[in-house]
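Undergrad: just the structure for this:
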Amino acid sequence: MQANTNSKSEAEVLKAFGASRSVEFIALLGLCSAYIQGPLVKIFDFNGAMAEMDHFGLRPTMFFAVAVIVFELAMSALILAGVFRWAAALALAGFTLFATFLAVRFWELPQGMERSMAMNTFFEHLGLAGAFVLVALYDLRGKAAEDKRRVHNTHST
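TA: Numbering: from 1, shown residues only. Now for the predicted structure:
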């Protein structure tokens, strides 16, 4: 009997934790942090941002530097604000995959520490992309459940 009581209280704690808007926001902020920090670094070192674009063959460099800055900050803002969160999350997932395959080609490096570090970075970025897909799925599921409740409430009154 004691185990059921503990399980129930643990379930209640977990439910309350999951329902906390502040926990959700902090988690989303953590997920978006690289997409906020990166553009800020590019803004404060715009010549470095253009050099980065040139390094990866993205020309005109000024256009791509500005586009990346605006895109990453805008998508992060949408995710954090909950406005078109699903679309912004999918956009950042796609961007992350594209940028990762462009910039972190570990398979082209010789065996050794540099390759291992690049491989870790590559798979960490795949994880970020996967997390953004999950954000999109959860957002869409939440909207579907909200629509279902709204329709049910409309028909029951």
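
Undergrad: ignoring the adjacent residues along the chain, who's closest to the residue nearest the centre of the chain?
TA: With distances taken as C-alpha atoms, centre = their mean, Phe132 lies nearest the centre of the chain, 4.1 Å away. Computed as C-beta to C-beta, 6 or more residues apart in numbering, the closest residue to Phe132 that is not its neighbour in sequence is Ala93, at 3.8 Å. Backbone N, C-alpha and C define where each C-beta goes, glycine included.

Undergrad: the helix or strand in which that neighbour is found: which residues count as buried?
TA: Using DSSP states H and E, Ala93 falls within helix 85-103. For helix 85-103, burial by neighbour count (16 or more other C-beta atoms under 10 Å) applies to 85-86, 88-93, 95-97, 99-100.

Undergrad: hang on, the earlier thing: quick one: the residue nearest to Phe132 from Ala16, how far?
TA: 29 Å (C-beta to C-beta, to the nearest Å).

Undergrad: just the pLDDT for the residue nearest to Phe132.
TA: pLDDT, Ala93: 99.

Undergrad: then Gln2?
TA: 52.

Undergrad: make sure Ala49 is actually in contact with Lys42.
TA: Yes: assessed by C-beta atoms under 8 Å, Ala49 is found in contact with Lys42 at 3.7 Å.

Undergrad: now do the shared contacts for those two.
TA: 65, 68-69 (C-beta atoms under 8 Å, 6 or more residues apart in numbering).

Undergrad: of these, which belong to helices?
TA: Those of the shared contacts of Ala49 and Lys42 mapping onto helices are 65, 68-69, per DSSP state H.

Undergrad: what's the burial count for Leu78?
TA: By other C-beta atoms under 10 Å, 19 other residues sit near Leu78.

Undergrad: ugh, wrong one, Gly48
TA: Using other C-beta under 10 Å: Gly48 sits among 12 other residues.

Undergrad: in what element of secondary structure is it found?
TA: Per DSSP H and E: helix 46-55 holds Gly48.

Undergrad: and the longest helix along the chain, what does it pack onto?
TA: Using DSSP H, we find that the single longest helix of the chain is helix 113-156. Contacts defined by 3 or more C-beta pairs under 8 Å, 6 or more residues apart in numbering; DSSP states H and E place helix 113-156 against helix 21-44, helix 85-103.
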